[in-house]
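Peer 1: Starting from these lines, generate the structure:
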Amino acid sequence: MPLLPELSDEAVAFDAVAADWRAAVRLAGAGLVRAGAATELYTERMIAVVDDFGPYIVVAPGLALAHARPGKDVRADGLSLVTLAEPVSFGHPHNDPVEIVIGLTSATNDAHVTNVAALANLFNDPAVFPALRAATTPDEARAVFRD
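Peer 2: Below you'll find the predicted structure:
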């Protein structure tokens with residue numbers, strides 16, 4: 001399986017509070033910015049994707065994959081993780097409410113396809129979601145992404 005970008009300590013937020021889906025995506029974007037993978041403009045593009053195309057980023061029950069296409073606001077491939085203290089609704093008919101938001105940046109189109117596919121494969125394992133939900137340290141979260 002292709003390796004995902006490294007999840008840095010700066011890109012992780014546990015039991016974060018978000019008033020709505022936009023705030024949840026902003027939390028994921030802030031992790032990508034702190035990790036040096038993107039600028040704040042990328043966060044706004046991730047929100048625009050949902051505004052334009054709907055909540056398709058809610059890829060499984062309780063899980064959103066916040067991302068946008070590669071662009072000048074992407075500095076490197078990156079990954080962020082936000083677990084929410086209280087779930088929020090993205091407006092998805094089947095997979096709401098969301099408890100975990102993964103943020104993803106990809107510097108190239110090829111990396112974008114590869115990273116999204118790697119995350120999809122990872123979450124095919126039913127143990128991954130509860131393991132991330134239970135993680136309380138960046139090391140515990142990284143172990144889930146690696147194993």
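Peer 1: tell me the mean pLDDT over the strand or helix carrying residue 99?
Peer 2: Per DSSP states H and E: residue 99 is located in strand 98-105. In this model, strand 98-105 carries a mean pLDDT of 97.
Peer 1: Following element in sequence after it, please.
Peer 2: helix 109-123.
Peer 1: mean confidence score for the helix or strand following that following helix?
Peer 2: Using DSSP H and E, the helix or strand that follows helix 109-123 in sequence is helix 128-134. Taken as a whole, helix 128-134 carries a mean pLDDT of 95.
Peer 1: Helix, strand, or coil at residue 69?
Peer 2: coil (DSSP: H, G, I helix; E, B strand; the rest coil).
Peer 1: Please list all residues in contact with the closest residue to it other than its chain neighbours.
Peer 2: Excluding the flanking residues, the one nearest residue 69 by Cβ to Cβ, 6 or more residues apart in numbering is residue 112, at 6.6 Å. C-beta: built from backbone N, CA, C; applies to glycine. Counting by Cβ atoms under 8 Å, 6 or more residues apart in numbering, residue 112 touches 67, 69-70, 106.
Peer 1: from those residues, which is closest to residue 132?
Peer 2: Nearest to residue 132 out of these is residue 67 (Cβ to Cβ; 16.9 Å).
Peer 1: which of the contacts of residue 112 count as buried?
Peer 2: 67, 70, 106 (16 or more other Cβ atoms under 10 Å).
Peer 1: What sits closest to the first one if chain neighbours are left out?
Peer 2: Beyond its immediate neighbours in the sequence, the residue positioned closest to residue 67 (Cβ to Cβ, 6+ apart) is residue 104, lying 4.2 Å away.
Peer 1: Test my guess that that neighbour contacts residue 76.
Peer 2: No. Assessed by Cβ atoms under 8 Å, residue 104 is found out of contact with residue 76, at 11.6 Å.
Peer 1: Spell out the residue ranges of the helices in the protein.
Peer 2: Assigned by DSSP state H, the helices in the chain fall at 21-34, 40-53, 109-123, 128-134, 138-146.
Peer 1: Distance from the third one to the middle of the chain?
Peer 2: Using Cα atoms, centre = their mean, to the nearest Å, the mean C-alpha position of helix 109-123 is found 12 Å from that of the whole chain.
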